[in-house]
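**Student:** next comes the sequence, and after it the predicted model I'd like to discuss.
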Amino acid sequence: MSAFPSRLHLRLTVDGVRPRIWREIEADEDLSVHDLHRCVQLMMGWRDTAPHELRTTTTPALRWGRATPETPDLLDEDTATLGEAAAHGDLSYRYGADWSVRVQALAHTGPIPAGARILLLDGERRGPWEDAGGPQGYAERVALFGDRRRPEYLALSEWLDRSEGPWSPVLPSYFDATGVQSELNLLFDPVGAGLDLDDLSGLVRRPGYGSEDGPQPTSALVRFVSELSAPLRGQLRMHLHRTGALARMNEWTDADQAASARAVAPFVALLSALGPDGAGLTRAGWLPSAVVEQVLDCSDWAAGWDGPRGSEASCAPVRSVREQATRVGLVRKVHGRLVPTAAALPAVVDPHLLLRQIGVHVLDRLRIPARVAGAAYLLACADGTPRALRWRASRFALDSTGLSAPVGGALSAPDLSEVAPPGSAADAATGRGPGQTLGEREIRDIIAPVWDTLRIAGGWSPAAERDSDVAALAREALR
């Protein structure tokens, strides 16, 4: 008798949807019915937000799930095996009120020693958008998705941004089989996949499994991913691999060296102008005009500034450089002088070291909403998201982590007080009224310290922003 379980060859097809959405898998028959539930959710890109059950197609039907006062007759899905359920013939997996998936056992196969517990054989098309309102609503939205000329398209695009988020490809024909299999391996064999079992993000590997090349447990990226729900963590991991963002965090090229030199140039100019001993501040606490001029004149980072130049009080770019240099630990005020810190001095001549010194502190000293939204924005900069859409990643992160109200991303007055301080742009824009949703201006205000640091690195004028320089700093901040 084999020490390994026999396997089932299953075909899963979403009912009522054309073109068909289907998957074929091989699965160990001793997996539980609950394991099948987790597998379906992962393969369809759903987020386990509604009740589910597995039932036979016989009459009367046998039903497995999680018993509740409303469904006391459900059989225990944790103790029933997939093989036991499949012995009853075709099965129907029900998810919420809208979706059903036909599960057909095509064949029994022999055991595979040390094989994946669930092996994805084939499939087509991404799972239907789960909040689309069932097959009919999904069909209507897919038809609209294919015609950008229709006026309703903008509303659909906004709905997809809010419901699917920035890390799940919305193209109906898309299916990432490699990414799904990787996630199945992590879900059903985390030890074999090399996962550090103390890590929630699923990004940290044990020694010998690529831990040297992957994110470290203390990185901002690992912390951010760990704060998401399990389904979102999986979608974000696939996104990181699909876009190459994770691989780029572990690379350093000549282009990165040039980008880092440009990104840190304003900070280098400030540190150089101060010198090892620092510079005396005016009675009002401002930098002397000579230092202001020197920082403005470094490279072309402030080319878009056409305001006053002689006084820090009226020169927003230099004032921002000083504020962020203080926040990330490059300078401090001592007895009426602004002086470089001990950590900053050796980094002045090494752009990469200085970029790392800035990056490691970009998310420091921020309240939880600002840190979560800031990390999402940094990721959008690092993964190549178009500039005009990056703020939406921050909004989605706040919505999905419960830091904004769960319905429609609306914030109550107390919520808004937490994410946007009194007197801020968000405060003025919204009037702090209940039900106010977050727009681009409010998101920028929430992540103001992160936004300002990236703006310094990429060029003060939005029209001249250097995406490569912003991406270099974003990768360092997440790494």
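**Tutor:** Perfect, I can see it now.
**Student:** from now on I want contacts and neighbour counts done on CA atoms only, so please keep to that.
**Tutor:** Noted.
**Student:** for the closest residue to Tyr209 other than its chain neighbours, what are its contacts?
**Tutor:** What sits nearest to Tyr209 in space, not counting adjacent residues and going by Cα to Cα, 6 or more residues apart in numbering, is Gly194, at 5.4 Å. Counting by Cα atoms under 8 Å, 6 or more residues apart in numbering, Gly194 makes contact with Arg205, Arg206, Tyr209.
**Student:** mind listing what the residue lying closest to the second one once chain neighbours are set aside touches?
**Tutor:** Taking Cα to Cα, 6+ apart, and ignoring the residues beside it in sequence, Arg206 has Asp196 as its nearest neighbour in space, at 5.1 Å. When the contact criterion is Cα under 8 Å, 6+ apart, the partners of Asp196 are Gly202, Val204, Arg205, Arg206.
**Student:** and the contacts of stretch 179-190?
**Tutor:** Stretch 179-190 has contacts (Cα under 8 Å, 6+ apart) with 39, 42-43, 116-120, 192-193, 195, 197, 202, 234, 238, 241-242.
**Student:** repeat for stretch 284-291
**Tutor:** The contact list for stretch 284-291, computed with Cα under 8 Å, 6+ apart, reads Leu270, Ala273, Leu274, Ala279, Gly280, Leu281, Thr282, Gly310, Ser311, Glu312, Ala313, Gly336.
**Student:** what would the residues you listed look like in CSV with secondary structure?
**Tutor:** Converted to CSV, the contacts of stretch 284-291 look like this (DSSP: H, G, I helix; E, B strand; the rest coil):
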residue, secondary structure
Leu270, helix
Ala273, helix
Leu274, helix
Ala279, strand
Gly280, strand
Leu281, coil
Thr282, coil
Gly310, coil
Ser311, coil
Glu312, helix
Ala313, helix
Gly336, coil
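**Student:** which one of those residues is nearest to Asp364?
**Tutor:** Distance to Asp364 across the contacts of stretch 284-291 (Cα to Cα) is lowest for Leu270, with 21.0 Å.
**Student:** any idea how far the closest one lies from Ala220?
**Tutor:** To Ala220, Leu270 is 27 Å away according to Cα to Cα, to the nearest Å.
**Student:** weed out the non-buried ones from the contacts of stretch 179-190.
**Tutor:** Buried residues within the contacts of stretch 179-190, counting neighbours by 16 or more other Cα atoms under 10 Å: 39, 42-43, 116-120, 193, 195, 202, 234, 238, 242.
**Student:** among these, which ones are in strands?
**Tutor:** Ile118, Leu119, Leu120 (DSSP state E).
**Student:** in CSV, list these along with pLDDT and distance to Ser6.
**Tutor:** Formatted as CSV, these follow (pLDDT from 0 to 100; distance: Cα to Cα, whole Å):
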residue, pLDDT, distance to Ser6
Ile118, 96, 12
Leu119, 96, 13
Leu120, 97, 16
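**Student:** now tabulate those residues in TSV and tack on distance to Ala376.
**Tutor:** Converted to TSV, these look like this (distance: Cα to Cα, whole Å):
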residue	distance to Ala376
Ile118	31
Leu119	32
Leu120	30
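**Student:** just give me the closest of these to Arg20.
**Tutor:** Distances from Arg20 to these, taken by Cα to Cα, are shortest for Leu120, at 17.0 Å.
**Student:** do I have it right that that closest one meets Leu12?
**Tutor:** No. Leu120 lies out of contact with Leu12 (Cα atoms under 8 Å); the separation is 11.1 Å.
**Student:** so what sits against both of those two?
**Tutor:** Arg23, Glu24.
**Student:** is Tyr138 in contact with Phe145, as I believe?
**Tutor:** No. Using Cα under 8 Å, Tyr138 is not in contact with Phe145; the gap is 10.2 Å.
**Student:** how far away is Trp22 from Gly214?
**Tutor:** To Gly214, Trp22 is 33 Å away according to Cα to Cα.
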